[in-house]
Structures are given as C-alpha cells and as structure tokens.
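> Okay, sequence plus prediction incoming.
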Amino acid sequence: LAKTTQPISMDSYEGQEVNITCSHNNIATNDYITWYQQFPSQGPRFIIQGYKTKVTNEVASLFIPADRKSSTLSLPRVSLSDTAVYYCLVGDPLAGTLVFGKGTRLSVIA
Amino acid sequence: NAGVTQTPKFQVLKTGQSMTLQCAQDMNHNSMYWYRQDPGMGLRLIYYSASEGTTDKGEVPNGYNVSRLNKREFSLRLESAAPSQTSVYFCASSEDWTKNTEAFFGQGTRLTVV
C-alpha cells in the first residue's frame, strides 16, 4: 500500500498562506494524490486531487513535483473556519482502498 | 440531495450485544466503504465493496461483517460487540474504486461499547 507522511500539526494566523507537504515515496504510476479535510464530528470532505504539476480550484492549490514523491497542499489566506485535520491520500488501485494516514491538524489563530 | 446517510448517529451497546449500522447513498455510486476512526487517529478501512455483489476486507476487518444489500445500501454488523470497538464509524461511497475518485462520507455513527 502506498504510504504517506505528513506533519502532525501546524499553526497559522488568519490571512496567511498555509502549505502542507505530504511525502509518498512509493507512489505507483497510476496513483492520484487526493486531499481531504475533516472538521470535528464530521466525515472527511474532498478538497482537491491531482496527478502531476499543479492543480487549482476555488478552495486550494496542489503542487506535485515531477518525481511525484511528494505533494503540497496550499491554502491561500486561511481563516478560522479552515481549522481542521487535512489528510493526504494516494490511491492504490490494486487494493481498491482510500488509505488515510493520521493527517495534519491545522489550527488557525486570530 | 442527501448524499451518504448513516443510521443511527449515536449508539451505546453492552459487551456481547450485536447491532447493524446502516448506510445508504443516492449518488448511484458503485463503490462503498466502512471506516472507523479512533480518537486522534486517522481513518482505518474495515471493509469495502467495489461494486454491487462484492465485498472485501480492509485493514481492520476482525469482529465485523458487511452486506452490500443493493447498489444503494451497505451495512456493517457487529456480531458480539467489544469495548475495543468503541469508535466513530464512517460510511463512504465513490464512483469507482479503481480510479481513486472523490469519496463522499456520511456524518458518522458514534458507537460506545460498555
């Protein structure tokens, strides 16, 4: 199974850009990289997905270098409501699973 | 648009009791999943169903059984509950398990076994 490594926690002030990096050294050729957000007492929610280079949507950007062994989720100008746990997932078609790590707990401070 | 609906939201069981957690999705997804999340931990896969009529074990299947009743519904059964099964259970669905497409999660079932 493709395994991911993320920082356990991060703190940021409101209005700052936050970058969360995920390592996935054994990513397979067909794997996509997906990020989820989870608020307390809720199920995870999809944020963004990419295969290579850069992907941007209305919520975040995802940067993936050429070797695809890592990825960086970028949240522009965070607010208090962005306080959550962020999970990086790498797809494993052979196992047919979404493999969640422990995630990164982001705390946004006023 | 309900998405993924789980019932019940909360449940307290005594050790040895059995119960079934229900999950239904209205997005015509092929794949469905059951996860558990313990305090301070990420989600761990219990069972999944790649398509209607199939089920497979995930990372932590012991003590659980599942049924893919039809395309919409995927239930999780605890035959003899143990305190170690105290957790929050999430059901999820996605269009196709082989494509790592976006998964949609329910609100969770908070289960306490005493």
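All right, it came through fine.

> What residues does chain A have near chain B?
Within chain A, the residues that sit near chain B (CB under 8 Å from any CB of the partner chain) are A:31-32, A:34, A:36, A:41-46, A:49, A:87, A:89, A:91, A:93, A:96-103. For glycine as for every other residue, the C-beta is placed from the backbone atoms N, C-alpha and C.

> Taking those, please make a ChimeraX selection of just the buried ones.
Here is the ChimeraX command that picks out the buried ones among the residues of chain A next to chain B, judged by 16 or more other CB atoms under 10 Å in any protein chain shown:
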select /A:31,32,34,36,43,44,46,49,87,89,91,96,97,98,99,100,101,103
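
> Okay, and which of the residues of chain A next to chain B map to helices?
Using DSSP state H, no member of the residues of chain A next to chain B sits in helices.

> Which of the residues of chain A next to chain B fall in strands?
Secondary structure from DSSP state E places A:34, A:36, A:45-46, A:49, A:87, A:89 of these in strands.

> with those residues in mind, which one is nearest to chain B?
Nearest to chain B among these, counting by CB to the nearest CB, is A:Phe46 at 4.4 Å.

> For that closest one, list each beta-bridge partner.
Applying DSSP bridges to A:Phe46 gives these bridge partners: A:Tyr36.

> wouldn't it be in contact with A:Gln38 here?
No: the pair A:Phe46 / A:Gln38 is not scored as a contact, 10.8 Å apart, by CB atoms under 8 Å.

> Quote the end-to-end distance of stretch B:26-42.
Start-to-end span of stretch B:26-42 (CA to CA, to the nearest Å) is 26 Å.

> How about that stretch and chain A, any contact?
Yes: residues of stretch B:26-42 are located near chain A by CB under 8 Å from any CB, namely B:31, B:33, B:35, B:40-42.

> OK, contacts around A:Glu17?
A:Glu17 makes contacts with A:74-78, as judged by CB atoms under 8 Å, 6 or more residues apart in numbering or on different chains.

> If you rank those by neighbours, which is first?
With neighbours defined as other CB atoms under 10 Å in any protein chain shown, the most crowded of the contacts of A:Glu17 is A:Leu75; it has 22 neighbours.

> Phi and psi next, for the residue nearest the centre of chain B.
Central residue of chain B (CA atoms, centre = their mean): B:Trp34, 2.7 Å from the mean position. Note on B:Trp34: its backbone torsions stand at phi -120, psi 130 [degrees, to the nearest 10].

> And B:Pro83, by the same measure?
When read as degrees, to the nearest 10, the backbone of B:Pro83 gives phi -50, psi -30.

> B:Gln85 contacts B:Val114, doesn't it?
No: contact criterion CB under 8 Å: B:Gln85 and B:Val114 do not qualify, at 11.2 Å.

> Which one's more surrounded, these two?
The neighbour comparison of B:Gln85 against B:Val114 (other CB under 10 Å) goes to B:Gln85, with 19 against 10.

> Could you find the closest non-adjacent residue to the more buried one?
With CB to CB, 6 or more residues apart in numbering or on different chains as the criterion, B:Gln85 has its nearest non-adjacent residue at 5.3 Å, and that residue is B:Val113.
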